[in-house]
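Engineer: Build me a model:
(chains A, B, C and D)
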Number of protein chains: 2
Amino acid sequence: MTPDQSRPGLRDRKKRQTRAALSAAALRLVAERGLDQVTVEEISEAADVSARTFFNYFPSKDEALLGDQPTDREVLAARIVAAPPELSAFDALRLAFDDVVEAVEADREVWLLRLRVIAANPSLLPRLISGNAETEQVIVAAVAARLGLDPCHGHPTLVTTVAGAVLRTALMQWVERPDTTTLRELTAEAFAAVAAGLPDPHAAT
Amino acid sequence: MTPDQSRPGLRDRKKRQTRAALSAAALRLVAERGLDQVTVEEISEAADVSARTFFNYFPSKDEALLGDQPTDREVLAARIVAAPPELSAFDALRLAFDDVVEAVEADREVWLLRLRVIAANPSLLPRLISGNAETEQVIVAAVAARLGLDPCHGHPTLVTTVAGAVLRTALMQWVERPDTTTLRELTAEAFAAVAAGLPDPHAAT
DNA sequence: TAAAAGTTTGCACTCTCTGCAAGATCGCTC
DNA sequence: GAGCGATCTTGCAGAGAGTGCAAACTTTTA
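Structural biologist: From the prediction side, this is the model:
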């Protein structure tokens, strides 16, 4: 009799809630006080769970701030493989990252807070977007598959790390002036600059 | 009567020795057993100092493995500013990184060990070459100075993070086949690919 | 409603990293 | 070469991250 199709399920709902509460509490407290002025215990208390439970959800304090959903990886990889075949791998990544951009803009306030936290605590920066080793591996594999290349060929890795660097840069620029530009625009500009071989910018623009 | 010009000074020599011994012990042990199967206490013991002394030299276990000499930063920044003015900022970085490449190849065995350790313990990877926030800031500032741009203009940051990603990729490729190519070659290829806008590689090569 | 499966929690423990104060060492001067 | 200040090392105490385990609890399923 269990309604098989509409299945969030109470259990899953609770887990999502707890995860979100922990993540939100972590962001809020760290934004207020700074990364190492906040303990896991305080975060857990704010989310009404034990400190031990915190570590059932996140392997480290940092992860609660970065919110790197494991599902995202797979979606991203699928988009890369499915991108129109006439596009270069780099353009496929550019396209796939459009979805990331959209997701970020859809969660504007949370992401602005998260990015502000990252900007204020630079030790988090390298782990943003494919600084994560697992995510990066997944993307590299997708790119290699797309190109029909051995994953140990250097090109997929190069394209992936460069594209990651581009997106990261765009995000960090966006957080500095979120009201005078859109993330979409900044990302497009940054990708275009790389696609053009990174010439020096002229006075115009 | 102290020979004023040849001035290592016993004290400095000892410090250098201790630092080198700690770094070497850390690399050796972590290469053998893996990052979290080695404690700071074991590293210190292997280097014949107390664990407390370890932390006088390195702020964390990771830093002992990455060997990011603070002097390097300044030299690099100077090279970037001093590069021929007709070069683009990206090419200036490419040129400046030649020196890094040279330094790495001069210390071939140590760097291969270090890179093997990093490859085996991916949490270290993002901190290699300008994953370090301070180094990155210095380079961004140098690039901005070179271009006569406000450092909060996005371009210096973009160029820096992309170039960093390129070098990092070349290093990680090099460590996989150090005997069939040179780091210089891999770096040149990777930079060339980016300068060309990252087109898909053709069958040839 | 009872067993199965999954979740939360407390507890004990290891390890990283910091501050502090005492003691050892170095470099210089008289 | 004895002494003095500066610097380095070390031990100790303590906060905090993160893990394994087992007991208690909750949801799911039968």
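
Engineer: Tell me the spacing between the residue lying closest to A:Glu41 once chain neighbours are set aside and B:Ser123.
Structural biologist: Spatial nearest neighbour of A:Glu41, excluding adjacent residues (C-beta to C-beta, 6 or more residues apart in numbering or on different chains): A:Ala51 at 4.7 Å. The way it works is simple: take the backbone N, C-alpha and C, and place the C-beta from them, glycine included. Distance, A:Ala51 to B:Ser123, by C-beta to C-beta, to the nearest Å: 23 Å.

Engineer: Check whether A:Gly67 really touches A:Ala24, as I assumed.
Structural biologist: No. If you go by C-beta atoms under 8 Å, A:Gly67 and A:Ala24 don't touch, sitting 9.8 Å apart.

Engineer: and for those two, which residues touch both?
Structural biologist: Shared contacts of A:Gly67 and A:Ala24, defined by C-beta atoms under 8 Å, 6 or more residues apart in numbering or on different chains, are found at A:Val110.

Engineer: Okay, helices next: where are they in chain A?
Structural biologist: A:10-33, A:40-46, A:51-57, A:61-66, A:70-82, A:89-106, A:108-120, A:133-147, A:154-174, A:183-195 (DSSP state H).

Engineer: just these: most buried one?
Structural biologist: Using mean count of other C-beta atoms under 10 Å in any protein chain shown, the stretch among the helices of chain A with the largest mean neighbour count is helix A:154-174, at a mean of 25.

Engineer: now that one and helix A:133-147, what's the angle there?
Structural biologist: For helix A:154-174 against helix A:133-147, the angle by axes from the mean of the first three to the mean of the last three C-alpha atoms, to 10 degrees is 130 degrees.

Engineer: tell me the mean pLDDT over helix A:154-174?
Structural biologist: For helix A:154-174, mean pLDDT is 95.

Engineer: can I get the helices of chain A in CSV with distance to B:Val100?
Structural biologist: Below are the helices of chain A laid out as CSV (distance: least, C-beta to C-beta, whole Å):
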stretch, distance to B:Val100
helix A:10-33, 34
helix A:40-46, 38
helix A:51-57, 39
helix A:61-66, 28
helix A:70-82, 31
helix A:89-106, 25
helix A:108-120, 26
helix A:133-147, 22
helix A:154-174, 17
helix A:183-195, 21
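
Engineer: Out of those helices, name the one with the poorest average pLDDT.
Structural biologist: When those are ranked by mean pLDDT, helix A:70-82 comes last with a mean of 86.

Engineer: contacting residues around that helix?
Structural biologist: Residues outside helix A:70-82 that contact it (C-beta under 8 Å, 6+ apart) are A:92-93, A:95-96, A:99-100, A:103, A:134-135, A:138-139, A:141-143, A:145-146.

Engineer: Contacts only, for the residue nearest the centre of chain A.
Structural biologist: Residue closest to the average C-alpha location in chain A (C-alpha atoms, centre = their mean): A:Ile129, at 4.2 Å. Contact partners of A:Ile129, counting by C-beta under 8 Å, 6+ apart, are A:Val100, A:Thr135, A:Gly164, A:Leu167, A:Arg168, A:Leu171.

Engineer: same thing but 7 Å
Structural biologist: A:Gly164, A:Leu167, A:Arg168 (C-beta atoms under 7 Å, 6 or more residues apart in numbering or on different chains).

Engineer: gap between it and A:Ala64?
Structural biologist: 17 Å.

Engineer: what's the answer for A:Ala31, then?
Structural biologist: In this view, A:Ala31 and A:Ala64 are 13 Å apart by C-beta to C-beta.

Engineer: and what of A:His202?
Structural biologist: 43 Å.

Engineer: And for A:Leu124?
Structural biologist: From A:Leu124 to A:Ala64 the distance is 11 Å (C-beta to C-beta).

Engineer: shared neighbours of these two, which are they?
Structural biologist: The contact sets of A:Leu124 and A:Ala64 do not overlap (C-beta under 7 Å, 6+ apart).

Engineer: For DNA strand D, what is the nearest residue in chain A?
Structural biologist: Residue nearest to DNA strand D within chain A: A:Ser60 (3.1 Å; C-beta to the nearest atom of the strand).

Engineer: Count the neighbours of that residue for me.
Structural biologist: Each residue near A:Ser60 was counted by other C-beta atoms under 10 Å in any protein chain shown, and the total is 11.

Engineer: just A:Leu87 next, same as before
Structural biologist: For A:Leu87, the number of neighbouring residues by other C-beta under 10 Å comes to 14.
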